[in-house]
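> Take this sequence and fold it.
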Amino acid sequence: MYRPKIEMMDRDSLQELQLHRLKETVERVYANVPFYRNAFATKGITPDQIKTLDDVRRLPFTKKSDLRENYPFGLFAVSQKEVIRIHGSSGTKGKPTIVGYTERDLANWAEIVARAIVTAGGRPGDLFQNTYGYGLFTGGLGLHYGAERLGVTVIPVSGGNTPRQITILEDFNPRGIAGTPSYVLNIAEAMEAMGKDPRATSLEYGIFGAEPWSEEMRHTLEEKLGLKAIDIYGLSEVMGPGVAIECYEQQEGLHVAEDHFFIEVIDPNTLEPLPYGETGEFVFTSLTKEAFPIIRYRTGDIGFLYPEPCKCGRTHLRMSRIKGRIDDMVIIRGVNVFPSEIESVVLSHPNLAPHFQIQIDRKGTLDEIAVFVEVEEAFVLAVGEFDPSAEPYKRIRQEIMHELRNALLISTQVSLHPPGALPRSEGKANRVIDRRNLYQHS
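From the prediction side, this is the model:
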């Protein structure tokens with residue numbers, strides 16, 4: 001372990017540390033952030049009333065809309081001269097969400113990510129190929145500085161330029177790689193298209209995140225690349241990558257860095273806390289951030305907590321892998337559908353490539369969902385020319401429609417496409433095209 005005394009801390013000592021840091025955070029935002037001071041007043045609470053960790057439930061929630069309404073620096077708790085770095089979201093749905101970091105924040109973040117890389121199987125001296133994008137997005141720089149803190153040699157390739165990624169894999173022989181699972185899968189498939197074997201690289205572990213991905217995607221990555229595929233979790237509003245990560249020993253649940261973050265699960269409708277094991281929305285409170293402390297941030301990510309100790313020996317709570325996001329969830333004829341559920345079905349079929357796209361449309365007053373999938377090249381070569389009307393292809397289509405019906409509890413249309421027909425990702429995969437808004441004003 002990177003910090004055994006912290007990562008194996010007994011629960012009583014850890015919760016005592018969390019309470020101390022929670023009180024400091026509450027006092028900081030109350031004194032320095034007008035938004036929180038007003039929100040506390042609305043709830044009728046002052047910092048001196050925080051006596052136990054259970055009192056966190058008395059604090060107000062923070063939503064992404066609050067960040068946008070206080071754009072750009074309204075939620076900062078320090079003066080601008082103390083902020084030495086700024087990150088932010090893409091702003092594709094309006095104003096971007098902007099976060100800041102003091103020198104101490106960046107030091108803590110690097111420490112957290114260094115711990116995460118060790119948890120994933122990394123070690124000092126590794127070569128580490130970082131395919132996350134650099135810039136306002138936290139993924140690239142977050143992994144970069146954490147790896148350097150650990151003593152890893154970072155190859156800062158950033159995203160895209162797949163031929164260059166392959167050249168570096170072959171020539172530099174990195175032991176670890178990081179990126180979105182959809183893009184690293186794209187690299188592996190590009191190697192196969194060039195007649196190369198992705199399993200022949202030096203890679204032993206991959207740290208994947210920034211988009212929900214299924215167990216089936218894990219199996220696909222591990223099979224194609226011959227590595228251990230590790231899930232990492234983070235979001236810029238809370239810190240960036242490293243908030244939680246799986247361990248390579250068990251790969252079941254992501255260890256939360258509880259000395260820096262307090263995690264809850266709530267019912268997204270009633271906003272009431274849920275017990276361990278029940279699925280709801282993850283909520284985070286930062287415990288050590290100076291520039292941009294955040295209170296009870298509603299992430300929109302869906303999952304559950306389980307407190308059982310892990311066989312790796314770490315004692316911090318584990319969060320489940322993300323089932324999906326509230327804003328990624330689509331409602332079709334009253335049924336909640338997550339793209340990850342469709343991914344699980346597609347990737348489990350031996351004759352389909354691990355790529356799909358979902359299109360939602362409206363015919364009259366009814367919503368319809370169509371899933372576009374690719375047939376594996378080996379299957380096409382085995383049965384002859386690609387022809388969706390031929391019996392072997394019709395059989396695949398019926399199988400997938402049946403499996404999707406069982407998984408989603410609604411009927412879907414399935415459209416088969418030849419190998420390489422669907423768009424590939426060089427970052428976060430765009431899985432869903434929702435055309436229903438086109439008919440709202442017609």
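> Break this protein into its domains for me.
Following automatic domain parsing, one gets these domains for the chain: 1-327, 330-439.
> Any idea how many residues pack against I168?
By the criterion of other C-beta atoms under 10 Å, I168 has 18 neighbours. In short, each C-beta sits where N, CA and C put it, glycine included.
> next one: the one 10 residues further on
Burial of A178 is recorded as 31 neighbouring residues (other C-beta under 10 Å).
> List the contacts of it.
F128, Q129, N130, T131, Y132, G139, L143, G206, I207, F208, I232 (C-beta atoms under 8 Å, 6 or more residues apart in numbering).
> can you confirm it is in a strand?
Yes. Assessed by DSSP: H, G, I helix; E, B strand; the rest coil, A178 belongs to a strand.
> so where do the helices sit in the chain?
4-7, 11-32, 34-43, 64-69, 103-119, 138-150, 162-172, 181-193, 215-225, 339-347, 377-383, 391-408 (DSSP state H).
> how big is the angle separating the longest one from helix 34-43?
Here helix 11-32 runs at 110 degrees with respect to helix 34-43, directions being taken by axes from the mean of the first three to the mean of the last three C-alpha atoms, to 10 degrees.
> for helix 11-32, packing partners?
Contact partners of helix 11-32 among helices and strands, from 3 or more C-beta pairs under 8 Å, 6 or more residues apart in numbering; DSSP states H and E: helix 34-43, strand 280-286.
> Just say which of these is most tucked in.
Of all the helices and strands packed on helix 11-32, strand 280-286 carries the top mean neighbour count, a mean of 23, counting by mean count of other C-beta atoms under 10 Å.
> pretty sure E272 contacts I266?
Yes. Here E272 reaches I266: they are 6.4 Å apart, a contact under C-beta atoms under 8 Å.
> Which of those two has more residues huddled nearby?
Remark: of E272 and I266, I266 carries more neighbours, 18 against 9, as counted by other C-beta under 10 Å.
> What does the pLDDT read for the more buried one?
For I266, the model assigns a pLDDT of 97.
> and what of F61?
We have a pLDDT of 98 for F61.
> Look up the closest residue to it, ignoring the ones flanking it.
R296 (4.7 Å; C-beta to C-beta, 6 or more residues apart in numbering).
> What is the neighbour count of that neighbour?
By other C-beta under 10 Å, 20 other residues sit near R296.
> For T97, see how far away it is.
Going from R296 to T97 by C-beta to C-beta, to the nearest Å gives 16 Å.
> Output the helices and strands packed on helix 11-32 as a markdown table; include the columns mean pLDDT and distance to S389.
Listed next are the helices and strands packed on helix 11-32 as a markdown table, based on pLDDT from 0 to 100; distance: least, C-beta to C-beta, whole Å:
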| stretch | mean pLDDT | distance to S389 |
| --- | --- | --- |
| helix 34-43 | 98 | 60 |
| strand 280-286 | 97 | 45 |
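> Dump the ones you listed into JSON lines; add distance to G121 as well.
Compiled in JSON lines, the helices and strands packed on helix 11-32 are given as follows (distance: least, C-beta to C-beta, whole Å):
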{"stretch": "helix 34-43", "distance to G121": "39"}
{"stretch": "strand 280-286", "distance to G121": "25"}
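> Of all the ones you listed, which one is nearest G151?
Closest of the helices and strands packed on helix 11-32 to G151 is strand 280-286, at 26.5 Å (criterion: C-beta to C-beta).
> what sits up against that closest one?
Residues from elsewhere that reach strand 280-286 (C-beta under 8 Å, 6+ apart): 22, 25, 56, 59, 61, 238-239, 243, 260-268, 274, 292-304, 319, 326.
> which helices and strands does the longest strand seen in the chain pack with?
For the chain, the strand that runs over the most residues, judged by DSSP state E, is strand 352-363. Using 3+ C-beta pairs under 8 Å, 6+ apart, the elements in contact with strand 352-363 are helix 215-225, strand 330-332, helix 339-347, strand 366-375, strand 432-434.
> Highest mean neighbour count out of the ones you listed?
Burial of the helices and strands packed on strand 352-363 is given as mean neighbour count (mean count of other C-beta under 10 Å); helix 339-347 ranks first at a mean of 22.
> Off-centre distance for that one?
Between the centre of helix 339-347 and the centre of its chain there are 16 Å (C-alpha atoms, centre = their mean, to the nearest Å).
> Quick one: list the elements packing against that helix.
Under the contact criterion of 3+ C-beta pairs under 8 Å, 6+ apart, helix 339-347 touches helix 215-225, strand 324-325, strand 352-363, strand 366-375, helix 391-408.
> looking at the ones you listed, which one has the lowest mean pLDDT?
Among the helices and strands packed on helix 339-347, strand 324-325 scores lowest, at a mean of 82.
> That one - contacts with which helices or strands?
Short answer (3+ C-beta pairs under 8 Å, 6+ apart): strand 324-325 packs on strand 297-303, helix 339-347.
> and the first one, average pLDDT?
Confidence over strand 297-303, taken as the mean pLDDT, stands at 95.
> Dump that strand to CSV, restricted to CA.
The C-alpha atoms that make up strand 297-303 are tabulated as CSV, following Å, rounded to 0.1, in the frame of the first residue of the first chain:
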residue,chain,number,x,y,z
TYR,A,297,-22.8,17.4,-3.7
ARG,A,298,-25.4,15.5,-5.6
THR,A,299,-23.4,13.7,-8.2
GLY,A,300,-26.2,12.2,-10.3
ASP,A,301,-24.3,8.9,-10.2
ILE,A,302,-26.3,5.7,-9.3
GLY,A,303,-24.9,2.9,-7.1
